[in-house]
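Asker: next come a sequence and a model predicted from it.
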Amino acid sequence: MTSRQERRQNNNPPKNTGHKNWMMMGGVTVVATAIAIIAFVALSPEDTTTLEHTDDAVLASSGSLIGDPNAPVTLVEFGDFQ
């Protein structure tokens with residue numbers, strides 16, 4: 001015949017199973033996120049768009065210029081303040 005203490009130990013589940021479940025769920029989440037990121041990067045198409053060079057004379061005649069006219073990038077802003 002088993003003692004009362006042995007029966008209590010057999011009936012009570014280990015107390016750290018909740019912690020193990022959370023750790024397992026966290027691990028599964030991290031692995032699933034990593035797989036999703038790798039798949040997204042691997043399956044995304046490469047950008048093959050080419051940009052056209054705009055004639056600087058057209059930009060200069062259509063508005064005021066600020067900054068270096070020989071800059072590698074030109075920013076044009078159009079605004080309607082009505």
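Answerer: Cool, the structure landed.

Asker: where does pLDDT dip in this protein?
Answerer: 1-2, 7-17, 54-65 (pLDDT under 70).

Asker: can we see that at 80?
Answerer: For the chain, applying pLDDT under 80 flags the ranges 1-19, 46-67, 69, 74-82.

Asker: what ranges do the helices span in it?
Answerer: Secondary structure of the chain (DSSP state H): helices at 4-11, 17-43, 56-62.

Asker: how close does residue 69 sit to residue 75?
Answerer: To residue 75, residue 69 is 13 Å away according to Cβ to Cβ, to the nearest Å. No exception for glycine: its C-beta is placed from N, CA and C like everyone else's.

Asker: higher neighbour count, those two?
Answerer: Neighbour count, other Cβ atoms under 10 Å: between residue 69 and residue 75, residue 69 has more, with 10 against 7.

Asker: next one: that one from residue 53, what distance?
Answerer: Distance of residue 69 to residue 53, computed by Cβ to Cβ: 14 Å.

Asker: good, we can wrap up now.
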